[in-house]
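*Asks:* Give me a 3D structure for the following:
(one chain, ligands or ions: 2)
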Amino acid sequence: MRYVTAKEMREIDRKAIEDYGIPGIVLMENAVLKVLKHIPRDRDKYTVIAGAGNNGGDGLGVARYLYIEGKSVSVVLLGSSSKLKGDAKTNFEILVRLSKNKNPENEEIEIIELFGENSDSEEKLEHARGVVMESEVIVDAIFGTGLSSEVKGLYRDMVESLNQSKGYKVSVDIPSGLNGDSGEPMGVAVKADKTVTLQYPKVGFENPSSKEYTGELVVESISIPPWI
Ligand SMILES: NC(=O)C1=CN([C@@H]2O[C@H](COP(=O)(O)OP(=O)(O)OC[C@H]3O[C@@H](n4cnc5c(N)ncnc54)[C@H](O)[C@@H]3O)[C@@H](O)[C@H]2O)[C@@H](O)CC1
Ligand SMILES: [K+]
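*Replies:* Ligands and ions are numbered 1, 2, ... in the order given. Modelled structure (predicted):
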């Protein structure tokens, strides 16, 4: 089994996109569909917690499918949507349009945008914590291979709420807060029931203590040729 560092994974993604011409949004959609395979559908209340990078973009795509399937979906976006870029922005914009033109048989889609840096009202934060705590399934898409520093403030708050929730937790690529290279938390990390890691397992998962965070680990290809 090939294990990769975050840097190696970034380079593999780059080659797939630039050298082979596989559009980033195609890779993201593949990631979304592969993650969806592992999300139980026998519950009603789903929450996706998304960060502002591509890991968040994967989560936003998952939220779209769950809503289209008729689930009640809440999306908690950590960071201003104005900072979203590229494929994550595309997926966010689709969700916003869906929330404005709802499925008449399924009114339940809510987008909670939190800005962090002490600019959210306590009421809004309490609401977001409550949504996370009451969810039956939570998709963790805050950070993947792009985590670069200690998890603090709003991010720490949300990871802690997520860990306190009794809902079933699926992490996208890497449990948020876990350093994919060392397998150690950067301050705090999500304790998932299942982690769907994309294309290759990350070297940090060879550290036995990472199991406490990843839960069951599954590796899913996102159609990147394995020899690149
Ligand atoms: N084209 C690609 O590169 C693909 C990426 N994919 C997904 O994208 C992920 C990597 O995406 P990115 O490189 O955008 O990185 P991430 O989405 O993992 O995280 C980056 C974001 O988090 C912020 N950040 C980092 N550390 C932070 C901290 N401690 N506190 C607060 N904010 C922090 C960064 O400023 C940035 O906005 C992968 O794990 C995978 O899930 C997949 O969609 C497949 C295709
Ligand atoms: K994640």
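
*Asks:* Now for the residue nearest to the spatial centre of the chain: which residues touch it?
*Replies:* Residue closest to the average C-alpha location in the chain (Cα atoms, centre = their mean): Ala141, at 1.3 Å. Counting by Cβ atoms under 8 Å, 6 or more residues apart in numbering, Ala141 makes contact with 48-51, 55-60, 62, 172, 176. Any C-beta I mention is one placed from the backbone N, CA and C, and that applies to glycine too.

*Asks:* What confidence value was assigned to it?
*Replies:* Ala141 is assigned 99 on the pLDDT scale.

*Asks:* residues in contact with the residue nearest to it when sequence neighbours are not counted?
*Replies:* Ranked by Cβ to Cβ, 6 or more residues apart in numbering and with sequence neighbours excluded, the top spatial neighbour of Ala141 is Gly59, at 2.4 Å. Shown in contact with Gly59 (Cβ under 8 Å, 6+ apart): 48-51, 75, 139-141, 172.

*Asks:* Out of those residues, which sit inside helices?
*Replies:* Per DSSP state H, helices hold no members of these.

*Asks:* Next, give me the two most distant ones among the residues you listed.
*Replies:* For the contacts of Gly59, the farthest-apart pair by Cβ to Cβ is Val75 and Val172; their separation is 13.5 Å.

*Asks:* So which of these two has more stuff around it?
*Replies:* Val172 (33 against 29; other Cβ atoms under 10 Å).

*Asks:* who does that one bridge with?
*Replies:* Beta-bridge pairing of Val172 under DSSP bridges involves Val196.

*Asks:* now it: how far from Asn106?
*Replies:* 23 Å (Cβ to Cβ, to the nearest Å).

*Asks:* one step back: same list, the contacts of Gly59, but as TSV with distance to ligand 1 please.
*Replies:* Output for these, formatted as TSV (distance: Cβ to the nearest ligand atom, whole Å):
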residue	distance to ligand 1
Val48	13
Ile49	12
Ala50	9
Gly51	5
Val75	15
Val139	12
Asp140	11
Ala141	7
Val172	5
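
*Asks:* List the buried residues for stretch 77-92?
*Replies:* Neighbour-count burial for stretch 77-92, counted by 16 or more other Cβ atoms under 10 Å, picks out 77-79, 81, 84, 87-92.

*Asks:* Name the residues of the chain found near ligand 2, please.
*Replies:* Counting by Cβ under 5 Å from the ion, the chain comes close to ligand 2 at 140, 171-172, 176.

*Asks:* again, only this time at 8 Å
*Replies:* 51, 55, 59, 140-144, 171-176, 190, 195 (Cβ under 8 Å from the ion).

*Asks:* Let's see which of those residues end up in strands.
*Replies:* Applying DSSP state E to the residues of the chain next to ligand 2, the entries found in strands are 140-141, 171-172, 195.

*Asks:* Name the residues of the helix or strand containing Ala31 that come out as buried.
*Replies:* For Ala31, the host element (DSSP states H and E) is helix 24-36. Residues of helix 24-36 classed as buried: 24-25, 27-32, 34-36 (neighbour count, 16+ other Cβ under 10 Å).

*Asks:* average model confidence for it?
*Replies:* On average, helix 24-36 scores 98.

*Asks:* For the protein, identify the residue most remote from the centre.
*Replies:* Max radial position in the chain (Cα atoms, centre = their mean) goes to Pro104, at 27.1 Å.

*Asks:* Now that residue. Its backbone dihedrals?
*Replies:* Dihedral pair for Pro104: phi -60, psi -20, per degrees, to the nearest 10.
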